[in-house]
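# I'd like to go over a predicted model; first the sequence, then the structure.
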Amino acid sequence: MPNLRHLCLVAIGMDNEGLEAILDGCPYLESLDLRRCIRLDLQQVALLRRCSEQIKHVKYPFDSIGGADDYIYDSDDDYGDVECEDYGSDYYPLYDSDDDYDHA
């Protein structure tokens, strides 16, 4: 999908190899939502740098799900559902390695 510009992959079991395939195959990608993709290991500096340089708006696996626009609670599900509708100003252009995330 070389002309793809926006991609929302919230809470899927993708690993680094899958992310690299996306980066290789989608040169025009402008926004990428990876929230809750907990199999990604973005401790690899080269992959993290590539994401932040190649894609204008990235939401990373441990970024907040945010406000009511992004999160809809479902009582049958402890995680709720995430809607990927808006690629607005709440996207984070760079990953903040100083965050207090538990990457274990």
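Sure thing, it's come through.

# from here on, contacts and neighbour counts on C-alpha atoms
Noted.

# Next up, the contacts around Leu40.
With C-alpha atoms under 8 Å, 6 or more residues apart in numbering as the criterion, the residues that contact Leu40 are Met14, Asp15, Asn16, Pro61.

# And the closest residue to Lys59 other than its chain neighbours, its phi and psi?
Counting by C-alpha to C-alpha, 6 or more residues apart in numbering, Asp33 is the residue found nearest to Lys59 once chain neighbours are left out, at 4.7 Å. The main-chain torsion angles of Asp33 are listed as degrees, to the nearest 10 and equal phi -110, psi 110.

# per-residue confidence at Asp33?
Confidence per residue is given as pLDDT, and for Asp33 that number is 95.

# Then Ser64?
At Ser64, the predicted lDDT confidence score is 89.

# so what's it up against?
Neighbouring residues of Ser64 by C-alpha under 8 Å, 6+ apart: Arg35.

# Doesn't it belong to a strand?
No - with the criterion set as DSSP: H, G, I helix; E, B strand; the rest coil, the secondary structure at Ser64 is coil rather than a strand.

# all numbers from here: first residue = 15
Yep, numbering from 15; the last one is Ser78 now.

# Tell me how far it lies from Gly27.
Remark: distance between Ser78 and Gly27 (C-alpha to C-alpha, to the nearest Å) = 18 Å.
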